[in-house]
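Q: make a model of this:
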Amino acid sequence: MSTLANSPVLPAGVTLPIYMDNHATSQMDPRVLEAMLPFFTEKFGNAASRNHSFGWAAEQAVEHAREQIAKLIGATAKEIIFTSGATESNNLAIKGIAEMYKERGNHIITQVTEHKAVLDTCKRLEKHGYRVTYLPVKADGLIDLEDLKRAIDDKTILVTIMAANNEIGVIQPIAEIGKLCHEKGVIFHTDGVQAIGKIPVDVNAMNIDVLSLTAHKLYGPKGVGALYVRRRNPRVQISAQIDGGGHERGMRSGTLNVPSIVGFGKACEIAREEMATEAARLQGLRDRLRKKLESELDYVEINGSWDHRLPGNLNMSFVYVEGESLLMGINDVAVSSGSACTSATLEPSYVLKALGLGDDVAHSSIRFGLGRFNNEAEVDYVADKVIGIVKKLRELSPLYEMVKEGIDLSKIEWAAH
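A: Here you go, the predicted structure:
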């Protein structure tokens, strides 16, 4: 009998492997690819070539994309600076502001659950004499605005707090943070990578001065990002971190990646038109997944605020199960036990630890990132698969057995070996 004949029959709508790691990156939307294709071949000009039609066509495409991106966040096209991605955008924002405003002060405020692109940049600045305050988060992953208020002093030049977290999907009170910063005369930067295109973000309504974006988290290409830099009330200035030609209003030199910029613009246009419908659909899928898991499994916990969360995010701990074993058990489903940027290490997630989770619970956590191309059949398949594996692993877990027998593990004195 053939191997194919022995393969289990999959439900309609399910093709393996299933991708549910959309916080790491997202599949490119075919409409984005279609918009990009001419710019690899017949429209290949350099957008900085001002003396022939090839350059003019490229420049026109770039300016159109700039408008599409600006429109999604309530900005003007002149406020959009293209970069190679969000890591560069965060570096440019934080280092560029620190350098430009160093005469005014040397204090920067961020939070402990930021992406490494922000945390590592801040750590580097500390080596150059800057003072950085890392705000803690509450058990729900949100910062306390009173902590922020207390941390701002007369040397504070920048507050950088992400809009939505890449692991737990928690959405910070960005508008309130921005308002507070403006009252204190401090520049407010936010890493908006996970939020843009998923929830409404308006730089004026939310008092955002500088905003990092990237294309590949919203069904666009990898290798292209942008930085929104406010031009009025207040006008923000940034010192360039890459020199050579003075492109992008002197803030970021280098030949523009025209095909990817075109794709980025198209991805933002689609997001603006479809965000409301898509968010409702993703929230429905996420809630369905949670409900199915909770109906069959005990000792599961949601990590981070449920009320302030991205529509496609579910971060859940399966207590008394080791996360890596769970991941191996569901190897036909692409999910993550932490962020993609730190998953090379076996250390428990620093984000989950900041919420107060112990190492064992943090290690048992899975991040499900639902996206545009997921459907109900996939959610049902993933839920059933996870339920089956968790039950199987718990059958092998002496700790789970002891808990089920009513033993309080916290009162046990473990012998060291």
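
Q: which residues touch the closest residue to Glu322 other than its chain neighbours?
A: Nearest non-adjacent residue to Glu322, counting by CB to CB, 6 or more residues apart in numbering: His363, 6.0 Å away. Where you see a C-beta, it was placed from the backbone N, CA and C, and this is true even at glycine. By CB atoms under 8 Å, 6 or more residues apart in numbering, the contact set of His363 is 322-324, 337, 348.

Q: can you rerun that using 6 Å?
A: Counting by CB atoms under 6 Å, 6 or more residues apart in numbering, His363 touches 322-323, 348.

Q: lowest-pLDDT helix or strand in the chain?
A: One helix or strand of the chain scores below all others by mean pLDDT, DSSP states H and E: helix 3-6, with a mean of 55.

Q: how far off centre is the following helix or strand past that helix?
A: Going down the chain from helix 3-6, the next helix or strand is strand 18-19, by DSSP states H and E. Remark: strand 18-19 is offset 18 Å from the chain centroid, using CA atoms, centre = their mean, to the nearest Å.

Q: ditto for stretch 81-97
A: 15 Å.

Q: over to stretch 119-136?
A: 21 Å.

Q: in that stretch, what's buried?
A: 119, 121-122, 125, 130, 132-135 (16 or more other CB atoms under 10 Å).

Q: the contacts of His363 in helices, which ones?
A: Those of the contacts of His363 mapping onto helices are Gly323, per DSSP state H.

Q: helices of the stretch 101-250 of the chain, start to end?
A: 116-127, 145-151, 174-184 (DSSP state H, counting those that start in this stretch).

Q: can you redo these as TSV with distance to Gly284 and mean pLDDT?
A: TSV is the format used below for the helices of the stretch 101-250 of the chain (distance: least, CB to CB, whole Å; pLDDT from 0 to 100):
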stretch	distance to Gly284	mean pLDDT
helix 116-127	31	98
helix 145-151	31	98
helix 174-184	25	98
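
Q: in a markdown table, list those along with distance to Ile157.
A: Formatted as a markdown table, the helices of the stretch 101-250 of the chain follow (distance: least, CB to CB, whole Å):
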| stretch | distance to Ile157 |
| --- | --- |
| helix 116-127 | 11 |
| helix 145-151 | 13 |
| helix 174-184 | 11 |
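
Q: wait, which of those is closest to Lys78?
A: Closest to Lys78 of the helices of the stretch 101-250 of the chain, according to CB to CB: helix 174-184, at 20.4 Å.

Q: pull out the buried residues from that closest one.
A: For helix 174-184, by 16+ other CB under 10 Å, it's 174, 177-178, 180-181.

Q: one more: stretch 239-247?
A: 240-242, 247.

Q: could you look up the SS state of Lys71?
A: helix (DSSP: H, G, I helix; E, B strand; the rest coil).

Q: from now on call the first residue 28
A: With 28 as the first residue, the last one maps to Lys98.

Q: number of nearby residues for it?
A: Look at Lys98: counted by other CB atoms under 10 Å, it has 15 neighbours.

Q: what's the answer for Val237, then?
A: Neighbour count for Val237, taken as other CB under 10 Å: 28.

Q: skipping its backbone neighbours, what lies nearest it in space?
A: Nearest to Val237 is His216, by CB to CB, 6+ apart, at 4.0 Å.

Q: hang on, isn't that neighbour packed against Asn118?
A: No - His216 is beyond contact range of Asn118, at 11.3 Å (criterion: CB atoms under 6 Å).

Q: comparing those two, which shows the higher neighbour count?
A: His216 (30 against 20).

Q: what about Ile235, distance to Asn342?
A: 25 Å (CB to CB, to the nearest Å).

Q: same thing with Asn73?
A: Taken as CB to CB, the span from Asn73 to Asn342 is 43 Å.

Q: cool, Leu238 as well?
A: 24 Å.

Q: the stretch 278-427 of the chain: strands as residue ranges?
A: Taking DSSP state E, counting those that start in this stretch as the criterion, the stretch 278-427 of the chain carries its strands at 327-329, 340-345, 360-361, 392-396.

Q: and the ones you listed, which is most packed in?
A: Burial of the strands of the stretch 278-427 of the chain is given as mean neighbour count (mean count of other CB atoms under 10 Å); strand 392-396 ranks first at a mean of 27.

Q: who touches it?
A: With contact meaning CB under 6 Å, 6+ apart, strand 392-396 is reached by 47-50, 194, 341-344, 350, 362-363, 379.

Q: ok now it, how far from the chain's centre?
A: The answer for strand 392-396 is 13 Å, by CA atoms, centre = their mean.

Q: what angle do that strand and strand 340-345 make?
A: For strand 392-396 against strand 340-345, the angle by axes from the mean of the first three to the mean of the last three CA atoms, to 10 degrees is 160 degrees.

Q: give me the mean pLDDT for strand 392-396.
A: The average pLDDT within strand 392-396 is 96.

Q: ok, now stretch 51-64?
A: On average, stretch 51-64 scores 98.

Q: which residues sit against stretch 377-386?
A: Taking CB under 6 Å, 6+ apart as the rule, stretch 377-386 contacts 139-140, 164, 166, 168, 194, 330, 375, 389, 392.

Q: swap the cut-off to 7 Å and go again
A: Here stretch 377-386 makes contact (CB atoms under 7 Å, 6 or more residues apart in numbering) with 139-140, 163-164, 166, 168, 192, 194-195, 330-331, 375, 389, 392.

Q: next, the distance between the ends of it.
A: Distance between the two ends of stretch 377-386: 10 Å, counting by CA to CA, to the nearest Å.

Q: so Gln310 is in contact with Pro338, correct?
A: Yes - applying CB atoms under 7 Å as the test, Gln310 and Pro338 come out as touching, 4.2 Å apart.
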